[in-house]
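K.L.:
Below are the sequence and a predicted model for it; my questions follow.
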Amino acid sequence: MTTEKEVFETIRGYLVELFDIPENTIVMDAHLGDDLDLDSIDAVDLALKIQTMTGRKIAADEFQSVRYVRDVVRQIHGMINEPA
């Protein structure tokens, strides 16, 4: 079972790798658009990276309410740990 902290560390690594965001600015309460300056194209890139991580295709409706890093972490944590 993967913890939320482990998912956060992975997501933070992806954000640094994909978008050159300083690691210290990526916190659970960071707003993806306002604080991290991600746009809809960036969200698609992140979703593709997450698909690789989870091995699951991500439906657009699964991420409509995602606004903060914590939302991404909780969504991914739930996907990884749900029964098959």
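P.N.:
Okay, I see it. Everything numeric here is computed off the predicted structure, so don't read it as measured data.
K.L.:
hey, which helix or strand in this structure has the poorest pLDDT?
P.N.:
helix 40-54 (a mean of 87; mean pLDDT, DSSP states H and E).
K.L.:
Show me which residues of that one are buried.
P.N.:
42-43, 46-47, 49-50 (16 or more other C-beta atoms under 10 Å). No exception for glycine: its C-beta is placed from N, CA and C like everyone else's.
K.L.:
Output the contacting helices and strands for that helix.
P.N.:
Under the contact definition 3 or more C-beta pairs under 8 Å, 6 or more residues apart in numbering; DSSP states H and E, helix 40-54 sits against helix 4-19, helix 69-81.
K.L.:
now the buried residues of helix 40-54 as CSV including distance to N81?
P.N.:
Converted to CSV, the buried residues of helix 40-54 look like this (distance: C-beta to C-beta, whole Å):
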residue, distance to N81
D42, 26
A43, 23
L46, 20
A47, 19
K49, 19
I50, 14
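K.L.:
Tell me which two of those residues sit farthest apart.
P.N.:
Taking C-beta to C-beta, the two most distant members of those are D42 and I50; they sit 12.4 Å apart.
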